[in-house]
Each structure stands twice: as C-alpha cells, then as structure tokens.
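Asks: Sequence and predicted structure below; questions after.
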Amino acid sequence: MSTAAAVPFSRENLESILKRRFFFAPAFEIYGGVSGLYDFGPPGCALQANIVDVWRKHFILEEDMLEVDCTMLTPHEVLKTSGHVDKFADWMCRDLKTGEIFRADHLVEEVLEARLKGDREARGLAAEVVEEDEDKKKRKKKVKEIKAIRLPDEEAKEYEIILAKIDGFSGPELGQLMIKYKIGNPATNGPLEQPKEFNLMFETAIGPSGQLKGYLRPETAQGQFLNFNKLLDFNNEKMPFASASIGKSFRNEISPRSGLLRVREFLMAEIEHYVDPNDKSHKSFDDFKDVKLNFLPRDIQEAGKTEPITTTVGEAVSSKMVDNETLGYFLARIYLFLTKIGVDPTRLRFRQHMSNEMAHYAQDCWDAELHTSYGWIECVGCADRSAYDLTVHSARTKEKLVVREPLPEPKKVTRLEVEIDKRKFGPKFKKNAPLVENWLTGRTECELEDLAKELDEKLSISAKISGFEEPVEIGQDLIKIEEKTHVEHVREYTPNVIEPSFGIGRILYAIFEHTFWARPGSESRCVLSLPPLVAPTKVLLVPLSTNDRLSPITKKVSKILRSHQIPFKIDDSSASIGKRYARNDELGTPFGVTIDFDSVDDGSVTLRERDSTKQVRGAIDDVVLAIKNITYNGVSWEDGTKNLVPFESKGDDE
C-alpha cells in the first residue's frame, strides 16, 4: 500500500496498539506473568478464529481432507518411538557464575550481528545502520551495547557466512564458534558452558499413581499417524489422501521472546498427506505449476548467500530443486493461503533445509519464512517425511500401518527374512525368547541388511533390546538371515508422508506487521489493513448523532447485517465520527456505515472503506450486498460498489 510507506514502521507503536486494544496480552499479568504464555482478547480471538476458518476451507474442504482432533496428552512410549524424547531439543549454554541460560544459536547470532553493526559504525556507515534498524529491528537483545570496532575484512566475511548458515549448526559446532570468536555472557563477558541439549517437551504423569509417564504434545502429527488405519478405512482404502488437525501444542522454550513468535503454548494446523512412495505426482499440480515463489535453496545458503531465486513451482520441480510434485503443489497452496489472509508476498520466501539441518529420514523440506522486524521467521514447514513415522510406530507396536492394493498380475518378490532355530532359541533365552523374537521380526529390510552383514562377519549380532540391561548376543547357530522369494497377489507398502505444518500464532503476528501502517501526516492514526475475510469485525455502524430519529435505522441495518452473519459493532458514542473511525481502523475494521438524517428520509447510508477512506452511498440492502461480496466472495472494492454513488466526505473523517 503506497500510503503505508509514507510513515516508517514502528514496532513500538504496533505493540502498544495490540496490547491496548487487547489483541493479546501476557497471561497471568497481574501476578507478574509467565514468559512465553499469552491470552488472546476479543479481537485477537476473532482474528485467529477467522484465520483458522480460512485454513479449514482452503485446505480441508478443498482437498477433501479428513480432520481429526487428538488428545494433547501423549504417553512417553509414543514420543520415545517417534524420536522426540531423544531428539526434540535445543542447545543451551549456562553461565556457571550467574546461572543465566542462553540458547546457543540465538546467542551466537546476536553477538555476531552486534559485532558486524559495530564494524559498520567504525567504517562510517552509521546512516545505513539506522535505515536497516528501521527495517529489521531484532528481538530484545542480550547484547546491550554496540561497540564501534572495525573487524578484519576476512573476519567480517566469516560472520556473514555464519549468519547465513546459522540454522544448520549442531550443538558442538556452535560450541566451537563460541570458542573461536570468544563469545561469552554479553553482559559480564564471563565464560559459558559448552552447549548442552535441553528437551523442549513438558513432562507430566498420567493417572494418580504417577507410573504412566507422559508429555504435553509438541505437535499434532503423532495422533494422525497412530490413527492411520482408521483413516484409510474411512477413506474406503483409497490413496492418496490427507488427514488434518488443528489444536494446541506445547514446547518448553529455553528463552521465550519476541511476543507471539516464540511461546510455550501455541496453536498449530498440520496436514499429513499420504502418498505412494513410487508415485508422488499430484492430480492438481498442473493447476498451480505456474505460481511464482521466492526460493532459497540449500546450495545458495551453503555458499553463505541469502538472495532468493524467483521461479515457478513447475520449474522448481522439473529441475529437482523441489523433490516432487506433491511437495511443490503444497508450497504453491501455502503461498496462496498466506497471501489470502494478509501476508505481503514480497516479504515471503521458501527456504530449503540444509543437509545438516534436515532430519535423516526426510526427502526434502522447505520452510515458508515471513519477514518481520525480528528478521525472517519460520511460519510454515513443508516436509517430505518419507515413511519414517508410520514405519517406527508399526515396528514398535507390531501393528501394520500399510496400504494393500491388488496387483494386476501376481509377481515374485524377493526379500530378506529371519529364520529362527526354535529348538535352540527357546532354551537359550528361556522366558525372554518372545522379546528377542519380536525384536528380530520387527526389523526393516534395511536393518536386516546390516544385521546379515554383521552376522556374516562376526558370526553373531549384538542387539540392544528393551527389557535387557546388556546387549543381547544372538549367534549364527540360532538364526539365519536369508533372501526368500514369494509369489504375491497384493502389493503392500508403507505410504510416504508430505507434511505441511502451520504455526498460527507466528503467522498472525507477521500479518500484524505486514498490514500495520500510519496515515501520512499523523503517526498516531494507525491502521491495520487486515483483509475483510479475516478482520475480527467487518463493519462499524456509526449513527451521526444520538438523536432518537436515527435509532430505527440503526436497528434495521443491525438486523440485516445479523441476518447475513456479518460481524459488526455499533459506536454511538459522543466522539467525532473521525475519532470513531480512527479507533476502529486500529482494530482492522474494513468498513464503516454512517447513518445520518438523510437515512431517515430516503433509506440510504454511507459506506466507508478503511484504507483509502473512500465513501459511497446507496440503499441499505445494496450497501450490505457490497460488504458481503467484498468480504466473502473476493470481489474488489471497485466492482463491489459500482452500483453505489460516490460520496464526498465533509471532513469528519479527518
């Protein structure tokens, strides 16, 4: 919006309005609050609900997805199997003297950015720094003071490369960077411990005995995977298909900050799209292949650069920059959803996970990142998780999570199988024999290949089996692992999963920044240009005065709006009409309907558009129809109001 650029963006002004108008606020505030926990007020609650409603229609309804609502409490065993107990962690480092805790990647990023800023100041580039700060104010910093110290050219270049790759460093690598660049506690310069893993899940006990250990779920995905067989059956055994879930997740963040961007309780919307591993095409791909996106592939990042490539989804898939059609399809659909609800497309990019950042089982992974005053923020992850989740849960539970499809013709299949000599096996392991047998028969084809090699080379295998304190030795005299051929009439396979995962709170905050501006000449007159589709309230009804003659018209318009289920508010206060509009511009209300004494005479009202402050006049039914078409049917202001008469403001909107 051209008018938005006239006044520089101010995060302080935005946050002041969001808190003053109770979009959201720190939870338990009168008790001092708890970092990372927030309550949503009426406008924030309505905005979030509208975004979720659009998400549901854009994905679940349009894609015929199967929605589920699974429990937030998850037993330890489930998250142990999924890998969350062992791997769901961030790297933290502690100041042994003060006890202060830092998240290692954030600390390294902040210190290096501060040093680069000091370097630019020392080189006389202060004006550039001021401009950059207005565009990209970082989170509340641990680094309180920027020192104007010139860095060697090579070191400054190293810092820039490190910052471009910051998401890809492991804990030990971050520790080495801290040593190499002498990064300590920014406040005291005291030494810090080397980074250690901190599990981000909230632990709890299920039941009064406390014996069943559990966690608050860190994502909604596991419930969908565990119900795969029920969902496949509900879908009449047809593939491909998708499940979806919207609900709260919990992560015990080391250092929550940046408002809604890093919190301990948050709303997620996740999709699990199940596909044949041999066919990852998508029937609707051609409809979206020409959508252009800003891609930041891993090779550009690994070169220490951050300039994205703009190309179509079709070209990205055909060049194999994006692994497959279904993944590319969802990237395009994610883009269309985000721009529909108010994201600025020029501040949206898709960043590919680097090889050392991506999970070992993932085929490909892209994050939709939105630019805010805090920098680029991951708001949507879209990953091809291969068959990992269904495979590990199937192996642990012995429940087959597979698709069975009749083959056109029977075919011979050769695969590795374990043959157990029961005469020797039983006496060897006695009552534990079933445990060992279940472990052996639960191995995947790849695992059996490794075990066969170990058995051939060492004449036995050493296995860590639940229920045994020490590794179990299984000799060549007890088992054989050999290829066997069977004739199959049915193809049985574990589907791969494409997973788009949306952080609703992060998206919501980015929309606040992308749509917030101040009217030229008056920085105090701020506007949230929320799309009518998601705005908390669509219409402000403004009777020109408190005269009783206007009350029947106000009631009539209210009744019509209510019958069309269009959310509205009435402001019949004694404030000027300009002030009444201004305070609702802050709430993102896209339309104002003014009722005046002419309304009594001819039944007409004035319709005001929030961003341009343009006004038109017409009959009540025609004005309501225009509001409905623009809000819910995607009609432009020009087309929606073409049957209404332009109206010149008498200055009350100033």
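Replies: Sure thing, it's come through.
Asks: in the chain, what spans have low per-residue confidence?
Replies: Scanning the chain for pLDDT under 70 picks out the ranges 1-6, 126-145, 649-654.
Asks: any idea whether W91 is helix, strand or coil?
Replies: When classified by DSSP: H, G, I helix; E, B strand; the rest coil, W91 comes out as strand.
Asks: My error: substitute F266 in the last question.
Replies: Secondary structure of F266, per three-state DSSP, is strand.
Asks: and if you look at the one 4 residues further on?
Replies: Reducing the assignment to helix, strand or coil with three-state DSSP, the entry for E270 is strand.
Asks: how about it, what does it touch?
Replies: Residues near E270 by Cβ atoms under 8 Å, 6 or more residues apart in numbering: 219-221, 224, 244-246, 499-502. (Each C-beta comes from the backbone N, C-alpha and C, glycine too.)
Asks: how about a cut-off of 6 Å?
Replies: 220-221, 245, 501 (Cβ atoms under 6 Å, 6 or more residues apart in numbering).
Asks: nearest to G328, of those residues?
Replies: Nearest to G328 among those is S501, at 16.8 Å by Cβ to Cβ.
Asks: could I get the contacts of E270 as a markdown table with distance to V402 and neighbour count?
Replies: Shown next, in a markdown table, are these (distance: Cβ to Cβ, whole Å; neighbours: other Cβ atoms under 10 Å):
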| residue | distance to V402 | neighbour count |
| --- | --- | --- |
| T220 | 23 | 25 |
| A221 | 18 | 23 |
| S245 | 22 | 22 |
| S501 | 24 | 20 |
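Asks: Pull the distance from the top helix by length along the chain to the chain's centre.
Replies: In the chain, assigned by DSSP state H, the helix with the most residues is helix 104-122. Computed by Cα atoms, centre = their mean, to the nearest Å, the separation of helix 104-122 from the middle of its chain amounts to 27 Å.
Asks: in it, what's buried?
Replies: 104-121 (16 or more other Cβ atoms under 10 Å).
Asks: Equivalent analysis for stretch 15-28, please.
Replies: 17-18, 21, 23-24, 26-27.
Asks: List the ones among those that fall in strands.
Replies: Using DSSP state E, 24, 26 are the members of those that sit in strands.
Asks: Spell out which helix or strand contains the closest residue to T546 other than its chain neighbours, please.
Replies: In this structure, T546 finds its nearest non-sequential neighbour in D572, 6.2 Å apart by Cβ to Cβ, 6 or more residues apart in numbering. Secondary structure from DSSP states H and E places D572 outside every helix and strand.
Asks: and what of V418?
Replies: strand 403-420.
Asks: Buried ones in that strand, by neighbour count?
Replies: Here strand 403-420 shows 403, 416, 418, 420 as buried, counting by 16+ other Cβ under 10 Å.
Asks: Put the alpha carbons of it into PDB.
Replies: The C-alpha coordinates for strand 403-420 follow below in PDB (Å, rounded to 0.1, in the frame of the first residue of the first chain):
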ATOM      1  CA  VAL A 403      -1.700 -49.900   2.200                       C
ATOM      2  CA  ARG A 404      -2.700 -53.100   0.400                       C
ATOM      3  CA  GLU A 405      -3.500 -52.900  -3.300                       C
ATOM      4  CA  PRO A 406      -4.400 -55.800  -5.600                       C
ATOM      5  CA  LEU A 407      -1.800 -56.400  -8.300                       C
ATOM      6  CA  PRO A 408      -2.900 -56.600 -11.900                       C
ATOM      7  CA  GLU A 409      -0.800 -59.800 -12.200                       C
ATOM      8  CA  PRO A 410       0.900 -61.900  -9.500                       C
ATOM      9  CA  LYS A 411       4.600 -61.200  -9.100                       C
ATOM     10  CA  LYS A 412       7.600 -62.800  -7.400                       C
ATOM     11  CA  VAL A 413       9.100 -60.800  -4.600                       C
ATOM     12  CA  THR A 414      12.500 -61.500  -3.000                       C
ATOM     13  CA  ARG A 415      13.300 -60.100   0.400                       C
ATOM     14  CA  LEU A 416      15.400 -60.800   3.500                       C
ATOM     15  CA  GLU A 417      13.700 -62.800   6.200                       C
ATOM     16  CA  VAL A 418      14.800 -64.100   9.600                       C
ATOM     17  CA  GLU A 419      14.700 -67.800  10.100                       C
ATOM     18  CA  ILE A 420      14.900 -68.900  13.800                       C
END
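Asks: neighbouring contacts of that strand?
Replies: With contact meaning Cβ under 6 Å, 6+ apart, strand 403-420 is reached by 239, 440, 448, 479-481, 483-493, 495.
Asks: Are any of those buried, and if so which?
Replies: Buried among the contacts of strand 403-420 (16+ other Cβ under 10 Å): 440, 448, 479, 481, 491, 495.
Asks: of all those, which two lie farthest apart?
Replies: I479 and P495 (30.2 Å).
Asks: what's the helix or strand for H514?
Replies: Per DSSP H and E: helix 504-515 holds H514.
Asks: In terms of secondary structure, what does that helix contact?
Replies: Applying 3 or more Cβ pairs under 6 Å, 6 or more residues apart in numbering; DSSP states H and E, we find helix 504-515 packed against strand 265-275, strand 364-372, strand 375-384.
Asks: and the angle from the shortest one to helix 504-515?
Replies: This means strand 364-372. 50 degrees (axes from the mean of the first three to the mean of the last three Cα atoms, to 10 degrees).
Asks: now do the longest one
Replies: With the same axes, to 10 degrees defining the directions, strand 265-275 sits at 100 degrees from helix 504-515.
Asks: Restricted to helices, list the contacts of E270.
Replies: Counting by DSSP H, the contacts of E270 contribute A221 to helices.
Asks: Mind checking which of the contacts of strand 403-420 land in helices?
Replies: Using DSSP H, the contacts of strand 403-420 in helices are 440, 448.
Asks: So K97 is in contact with N189, correct?
Replies: No. Counting by Cβ atoms under 6 Å, K97 does not reach N189; the two are 11.0 Å apart.
Asks: Tell me how far the closest residue to R385 other than its chain neighbours lies from I461.
Replies: Excluding the flanking residues, the one nearest R385 by Cβ to Cβ, 6+ apart is V497, at 4.6 Å. The spacing between V497 and I461, counted by Cβ to Cβ, to the nearest Å, is 30 Å.
Asks: what's the answer for A104, then?
Replies: Counting by Cβ to Cβ, the gap from A104 to I461 is 38 Å.
Asks: same check, this time on D571
Replies: Counting by Cβ to Cβ, the gap from D571 to I461 is 76 Å.
Asks: Give me the more crowded residue out of the two.
Replies: I461 (22 against 17; other Cβ atoms under 10 Å).
Asks: so what strands line up beside the helix or strand that one falls within?
Replies: Per DSSP H and E: I461 is located in strand 460-463. Strand 460-463 has the following sheet partners, assigned by DSSP bridges: strand 472-475 (antiparallel).
Asks: If you count neighbours, what's buried in the partner strand?
Replies: In strand 472-475, counting by 16+ other Cβ under 10 Å, buried: 472, 474.
Asks: Stretch 392-406 too?
Replies: So for stretch 392-406, counting by 16+ other Cβ under 10 Å, buried means 392-395, 401-403.
Asks: Identify the residues contacting M354.
Replies: M354 neighbours (Cβ under 6 Å, 6+ apart): 168, 298, 301.
Asks: In JSON lines, list those residues along with secondary structure, neighbour count and distance to V472.
Replies: Output for the contacts of M354, formatted as JSON lines (DSSP: H, G, I helix; E, B strand; the rest coil; neighbours: other Cβ atoms under 10 Å; distance: Cβ to Cβ, whole Å):
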{"residue": "G168", "secondary structure": "helix", "neighbour count": "17", "distance to V472": "37"}
{"residue": "R298", "secondary structure": "helix", "neighbour count": "21", "distance to V472": "40"}
{"residue": "Q301", "secondary structure": "helix", "neighbour count": "21", "distance to V472": "43"}
